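Asks: Pasted the sequence and its predicted model underneath.
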Amino acid sequence: MTDSHSSNNHSQRSSHEGSEGSSDSRLVEAHSQLAKNKEEPSEGFSSLPIVIVFLFCGFGFWAGVYLTRNAGGFSANTFDLDAPRLVADSGPKVFEADLAKGEKLFIQQCAACHQANGLGVPGAFPPLAGSPWPLGNDERIIKIVLAGLAGEIEVKGAKYVGNMPNIGAGLNDAQVANIVSYVRSAWGNNAEAVTDVKVKDIRKAIGGRGQYSPKEILDAHPLETK
Amino acid sequence: MKNLNLILAGVFFTLAASFGGLLLSGQVQLGQLNRAPAEEGGPLFPPKEPGLAIQGRQVYLSLGCVTCHTQQVRPAGQGNDIARGWAQRPSVARDYILQSQVLLGNRRLGPDLVNYGARVKSDDEVHAHLRTSMPGSVMPAYGFLYTQSKDGSFRPTEDAVALVAYLKSLKIDYSSPEAKQKQ
Amino acid sequence: MSQAYSSRGSVSRIDASISVPVRLFIFSSLVWLLVASVLGVIVALKLQVPSFMGECPWFTYGRIETLQRNAFIYGWASNALFALNLWIMSSLARFELKSSWLPVLGGAVWNLTLTYGLVQVLLGQLNGFALLEMPKEVAPALVVAFVFAALWPAVAFARRPTGNVFVSQWYIIGATFVFPVITVVAQLMLLWCPTLGVMQALVHSWFYQNLILLWLGGSALSAVYYFIAKESGRTISAYYLATVGFWTYFLFASWTGPATLLGSPIPVWVQSVGVIASLMMLVPIVITAVNFFGTLAPRNGIAQSWNNTTLRFVLVGAVSFTLAALLNVVSSTRSLNALVRFTEFAQAQEHLTVYSFVSMVIFGAAYYILPRLTGAFWPSAKLVYLHFWSCAAGSLLLVVTGLTQGWAAHGRTDFAVSAAPGLLAAVLLLVGHFAFALNALGMLTAENAPSNRRAY
């Protein structure tokens, strides 16, 4: 540091010789020139500003994503990001079939054949209203919705050659449960709603199988006589 | 960037932006908080502060207790406040609305105090802690809060009585609409 | 140019015109620095021996720590930055101050008010908000005094003869503007008409981050830019980025407050906004780092800087700024913050900013300014040496022990702090500051004894 002291003295001396004021002016002047130069296209294209622009865009994107994920819905009463998850995990979930959702899904997925009134099309598609097939043991209908049904069946005295696809394979457990619950309670049908847990269990049990035949499904779950 | 007014306007804008984004919007959300029952028809929380406790907060402030003690319970995912039994639930904004100065604190040289009143059993226990230094603790004895009478027993000063009332009033042993007590 | 220099030979006319206020500011800052250093030793001692000075309510840990923090920030750093900002701006803008009694008045009121406020703190009139502990009647006087003391750089800027500007001037203007605004807002929302509940914590975090990062940090950054360009004789390497660096620094820093409240009972979206702002600070950090080290590093510049007293301090300050800012980014991430919140980790971070960065830059600047202001030499090179090494070692020790102790504290349930390193560090700082003060006082009084003046 002794030489630093002398270097200090040196700069001090030079400043006192009168260069200080002008050197400050030079400093400002030189940097103003630098600031101006960047606007001249002849200076060429520096890569750094581009990097900064990309950095900015990246940060902006990240900020948006981060905020939507970590804002707790911008609620005044959320103080803990983990809180909703903890609450959800804190007890057994009780599924309540939403019949309104079930009806909507039925219209989208099923009504083309079975009709919105559940009466089907005579000679082509069997009715669901008043049919014993969707009522009683709920495993039968859940299995049919999940895997489909192909073959000759008899419903309310009329014969149908059915070829129902595996509608339920494209829906989640809650959606299947909502549809099935709706079918079991609409048009004068009067059977208990089903839960998503039940759908989940059955889906797991039957795996990715093909359509049921009428004999196979009726052997497993015979129709209940009223 | 050569015009003074432009620079000042720019800096003003940056400050105004953070003021609006953080403080004004925060005020809109938090400024209207009221006491509320945890369940419909239940008692209103947080409870009103006893008058002596309000005096005690001044003693707490005056001695600079906030330098070493926080008053906030962190959520379960952040730190072990609940695990080590300081409280049964994280603190929420509503817990603080009756306090004239909110002393959240940002440094823990000693334990958190927001639920201290629920952890101690008696006034005497708090007095003993204030009057004498606990072994292994960096908290000194606040002997000047007590006077010794001729028979050797210690009497708390008015400040000590108020401070203890304040410390014992620090409780979040109730459920609020935002956070339920852990059973 | 020659007419810009007075007949006194060694001191330029510009320096002579601001000599009295700058001397006052530096002298007051020295006094407060010594006060804060002694208090710092007491604070460290009280952690080591809790019963030390425990008989009297005046000397509780809380009060002494509060006094130390306020004396350091408002007494030492702010006074010194008044001097730096005025000197640097006058020098860059070729400004001669006509009515130097106005800043002198401002400085006098500032210091008297501060003294009054701190005495009130000692007597037990204190609030619970860090750096706003002084009684509420102090604030209006402080703000008025600030305006009188710190307005002059803006006047100098407005009256500069050429239209050209240098980046340091923006930082000085910005920092000077920030302080009165945030102080008035925070005082109103915390002490005069207090907001409800945890809004107070939010307001305070906003005030605190702006005070540290913008008023102290912004002023010190201006000095770093100035002295790096000036003492190395080089132009700032990526100067066209300095504008972006300046604006992003001011824009993002003022949003970082809630990042200091992670896990507190404030709405989680506010916390997230703070986290985002903290991460965005990477932009100005990278730009300033590119500018500082890109200017100094080529052609063996670091080694040359190390041999120059001013640049050595400024270099330590610039490195500390980059480190502290990066540490703030990292510790604002939720997962890491959950581990170090409330521990000594945060204290170490703050120390890295207000001491290793701001104060070291001020020291470096003082070594440059005082000889030009007084026309005298630094009396002792040995004291300069002692000052640098003792302060560098002391602050390094404080930061390292704070970071390691804070890190080690997570998951533990006891509050054991090992206070011995902190005490050693406080003593080292005290020694360094005494060395600095001896040297500086020697210069400030040199002019009164003409025989001490060196002739050229």
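Replies: That came in fine, so what should we check first?

Asks: Low-confidence stretches in chain A?
Replies: A:1-22, A:36-48, A:82-94, A:225-226 (pLDDT under 70).

Asks: which ones are touching the spatially most central residue of it?
Replies: Centroid check for chain A by CA atoms, centre = their mean gives A:Asn172 as the closest residue, at 11.6 Å. Applying CB atoms under 8 Å, 6 or more residues apart in numbering or on different chains, we find A:Asn172 in contact with A:Asp196. Any C-beta I mention is one placed from the backbone N, CA and C, and that applies to glycine too.

Asks: Leaving out the residues flanking it, which one is nearest to residue 136?
Replies: Went with chain A since none was named. Spatial nearest neighbour of A:Gly136, excluding adjacent residues (CB to CB, 6 or more residues apart in numbering or on different chains): A:Glu224 at 3.6 Å.

Asks: my question was about chain C
Replies: C:Leu191 is the one closest to C:Lys136 (CB to CB, 6+ apart), at 4.0 Å.

Asks: One more: B:Thr70?
Replies: Per CB to CB, 6+ apart, closest to B:Thr70 is B:Gly105, 3.5 Å.

Asks: follow-up on the earlier one: burial count for the residue nearest to A:Gly136?
Replies: Counted with other CB atoms under 10 Å in any protein chain shown, the neighbours of A:Glu224 add up to 12.

Asks: before we move on, what about C:Ala175?
Replies: 25.

Asks: distance of the closest residue in space to B:Ile97 that isn't next to it in sequence from C:Leu190?
Replies: Closest residue in space to B:Ile97, ignoring its immediate chain neighbours: C:Gly197 at 4.2 Å, by CB to CB, 6+ apart. Distance, C:Gly197 to C:Leu190, by CB to CB, to the nearest Å: 12 Å.

Asks: Kindly report the same for B:Asp112.
Replies: 22 Å.

Asks: again with A:Asn70
Replies: For A:Asn70, the distance to C:Leu190 - CB to CB - is 27 Å.

Asks: Tell me which residues touch residue 52, please.
Replies: No chain in the question, so chain A it is. Going by CB under 8 Å, 6+ apart, A:Ile52 touches C:Leu241, C:Val244, C:Val283, C:Ile287.

Asks: Chain C, not that one
Replies: Counted by CB under 8 Å, 6+ apart, C:Phe52 has contacts B:Pro140, C:Ile42, C:Leu45, C:Lys46.

Asks: The third one against C:Gly422, yeah?
Replies: No: taking CB atoms under 8 Å as the contact criterion, C:Leu45 and C:Gly422 are not neighbours in contact, 9.4 Å apart.

Asks: which of these two has more neighbours?
Replies: C:Gly422 (24 against 18).

Asks: pLDDT wise, what is the more buried one at?
Replies: Per-residue pLDDT puts C:Gly422 at 89.

Asks: swap in C:Phe148?
Replies: 94.

Asks: correct me, but it touches C:Leu105?
Replies: Yes: contact criterion CB under 8 Å: C:Phe148 and C:Leu105 qualify, at 5.7 Å.

Asks: So for these two, which residue has more residues nearby?
Replies: Per other CB under 10 Å, whichever of C:Phe148 and C:Leu105 has more neighbours is C:Phe148, with 19 against 16.

Asks: buried set for the helix or strand that contains the more buried one?
Replies: Using DSSP states H and E, C:Phe148 sits in helix C:138-150. Buried residues in helix C:138-150, counting neighbours by 16 or more other CB atoms under 10 Å in any protein chain shown, are found at C:Val138, C:Ala139, C:Ala141, C:Leu142, C:Val143, C:Ala145, C:Phe146, C:Phe148, C:Ala149, C:Ala150.

Asks: got the CA coordinates for it in CSV?
Replies: Listed in CSV are the C-alpha atoms of helix C:138-150, where the atom choice follows Å, rounded to 0.1, in the frame of the first residue of the first chain:
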residue,chain,number,x,y,z
VAL,C,138,-38.3,13.5,13.8
ALA,C,139,-39.3,12.5,10.3
PRO,C,140,-40.6,15.8,8.9
ALA,C,141,-37.4,17.6,10.1
LEU,C,142,-35.3,14.9,8.5
VAL,C,143,-37.0,15.2,5.2
VAL,C,144,-36.7,19.0,5.1
ALA,C,145,-33.1,18.7,6.1
PHE,C,146,-32.5,16.1,3.4
VAL,C,147,-33.9,18.4,0.8
PHE,C,148,-31.7,21.3,1.8
ALA,C,149,-28.6,19.0,2.1
ALA,C,150,-29.1,16.9,-1.0
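
Asks: Spell out which residues of chain B are next to chain A.
Replies: Contacts of chain B with chain A, taken as CB under 8 Å from any CB of the partner chain, map to B:1, B:29-30, B:33, B:75-77, B:90-93, B:177-179.

Asks: Got the phi and psi for A:Arg184?
Replies: When read as degrees, to the nearest 10, the backbone of A:Arg184 gives phi -70, psi -10.

Asks: How many neighbouring residues does it have?
Replies: Quick note: A:Arg184 (other CB under 10 Å) scores 22 neighbours.

Asks: these two touch, right, it and A:Ile141?
Replies: Yes: contact criterion CB under 8 Å: A:Arg184 and A:Ile141 qualify, at 7.3 Å.

Asks: list residues touching both of these two?
Replies: Counting by CB under 8 Å, 6+ apart, the residues touching both A:Arg184 and A:Ile141 are A:Pro134.

Asks: tell me the secondary structure for A:Glu152?
Replies: strand (DSSP: H, G, I helix; E, B strand; the rest coil).

Asks: need the helix or strand of chain B with the lowest average pLDDT.
Replies: Lowest by mean pLDDT, DSSP states H and E among the helices and strands of chain B is strand B:36-37, with a mean of 83.

Asks: strand partners of the helix or strand following that one, parallel vs antiparallel please.
Replies: For strand B:36-37, the following helix or strand on the C-terminal side (DSSP H and E) is strand B:44-45. In its sheet, strand B:44-45 lies beside strand B:36-37 (antiparallel), with partners assigned from DSSP bridges.

Asks: outside of the strand it pairs with, which residues touch it?
Replies: Outside strand B:36-37, the residues touching it (CB under 8 Å, 6+ apart) are B:Pro43, B:Leu44, B:Phe45, B:Arg94, B:Ser176, B:Pro177.

Asks: and which of these is nearest A:Ala116?
Replies: Lowest distance from A:Ala116 to these (CB to CB) belongs to B:Pro177, with 42.6 Å.

Asks: residues in contact with that closest one?
Replies: A:Asn77, B:Ala36, B:Pro37, B:Ala38, B:Arg94.

Asks: Which member of these is positioned nearest C:Trp110?
Replies: Nearest to C:Trp110 among those, with distances taken as CB to CB, is B:Arg94, at 40.3 Å.

Asks: I figured C:Gly443 was touching C:Trp378, is that so?
Replies: Heads up, residue C:443 is Met, not Gly. Yes: in this structure C:Met443 lies within contact range of C:Trp378 using CB under 8 Å: 6.6 Å.

Asks: mind showing which ranges of chain B have poor pLDDT?
Replies: If you take pLDDT under 70 as the line, chain B has these spans: B:1, B:182-183.

Asks: what residue is smack in the middle of chain B?
Replies: Geometric centre of chain B, nearest residue: B:Gln71, 3.6 Å, by CA atoms, centre = their mean.
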